[in-house]
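A.B. asks: here are the coordinates; sequence isn't available:
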């Protein structure tokens, strides 16, 4: 099989629940697959490991990257890890959330700001963007003008900060100093819902701050 000159980016939408602080909500999650015909990286394999493996379609999964430790993003990561035979990466500041779901078991690796992951000739760079959770990470695929923002930045505003371990001033600082500095054409592929761009979100920063206080 031929390989793409640029990595393909695929989205799988899965459905399930998110639980925190005694509440449970129905959610649809975006699962992102980046790769070529032979290998790929999977970001946030939520809810439905079998459907995600169908999308992987026999390719080698080189890494499972988690944008943060909330249970809708990680609850099925252990099962997907077994199916894909691939290591799980999660920022150390969210390991307490992982341990809530998987007591006594650690992720395979931690993620630090600036870490890079290469797949299909392209490089993803980890950007530590705390606020939605302490260990939230966005992944910048600069060669493709793409950012995988997890639940840090959405179309129309920052991720939620009303629950445990989250902080509104921190997420605003992360977005302002680390994400809105990226090129305005950068496509933001989010953890839930529709994609947006840095240019579309940047003018709204002051409005978010006013709304958040």
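C.D. replies: Everything's here; your move. Quick caveat, the model's predicted, so the values are computed rather than measured.
A.B. asks: what helix or strand does residue 201 sit in?
C.D. replies: helix 198-201 (DSSP states H and E).
A.B. asks: Residue 160: what's it in contact with?
C.D. replies: 132, 151, 166 (Cβ atoms under 8 Å, 6 or more residues apart in numbering). The C-beta positions use only the backbone N, C-alpha and C, and glycine is treated the same way.
A.B. asks: ok, now residue 87?
C.D. replies: 63, 64, 81, 108, 109.
A.B. asks: Okay, strands next: where are they in the chain?
C.D. replies: Applying DSSP state E to the chain gives strands spanning 8-20, 23-35, 39-43, 60-65, 88-89, 116-119, 122-128, 137-141, 146-150, 153-154, 157-158, 187-190, 196-197.
A.B. asks: that older thread, quick one: average confidence on the helix holding residue 201?
C.D. replies: Averaging pLDDT along helix 198-201 gives 97.
A.B. asks: Pretty sure residue 41 sits against residue 33.
C.D. replies: Yes: contact criterion Cβ atoms under 8 Å: residue 41 and residue 33 qualify, at 7.4 Å.
A.B. asks: Looking at those two, which has the bigger crowd around it?
C.D. replies: residue 41 (25 against 22; other Cβ atoms under 10 Å).
A.B. asks: distance of that one from residue 59?
C.D. replies: Distance, residue 41 to residue 59, using Cβ to Cβ, to the nearest Å: 10 Å.
A.B. asks: end-to-end on stretch 154-172?
C.D. replies: 12 Å (Cα to Cα, to the nearest Å).
A.B. asks: One more: stretch 148-168?
C.D. replies: 20 Å.
A.B. asks: ditto for stretch 24-43
C.D. replies: Using Cα to Cα, the end-to-end distance of stretch 24-43 comes out at 23 Å.
A.B. asks: pLDDT of that stretch, averaged?
C.D. replies: In the prediction, stretch 24-43 has an average pLDDT of 97.
A.B. asks: who's in contact with residue 106?
C.D. replies: With Cβ under 8 Å, 6+ apart, residue 106 has these contacts: 95, 98, 99.
A.B. asks: cool, residue 144 as well?
C.D. replies: 6, 7, 9, 122.
A.B. asks: Next: residue 51.
C.D. replies: Here residue 51 is in contact with 12, 14 (criterion: Cβ under 8 Å, 6+ apart).
A.B. asks: measure it to residue 42 for me?
C.D. replies: With Cβ to Cβ as the criterion, residue 51 and residue 42 are 12 Å apart.
A.B. asks: Over to residue 56?
C.D. replies: 7 Å.
A.B. asks: of the two, who's got more company?
C.D. replies: residue 42 (30 against 22).
A.B. asks: from what I can see the more buried one touches residue 53, true?
C.D. replies: No: proximity of residue 42 to residue 53 does not meet the contact threshold set by Cβ under 8 Å, at 9.4 Å.
A.B. asks: Which strands or helices does the one helix or strand in the chain whose mean pLDDT sits lowest pack on?
C.D. replies: Least confident element among the helices and strands of the chain, by mean pLDDT, DSSP states H and E: helix 205-212 (a mean of 87). The contact analysis (3 or more Cβ pairs under 8 Å, 6 or more residues apart in numbering; DSSP states H and E) places helix 205-212 against strand 157-158, helix 168-174.
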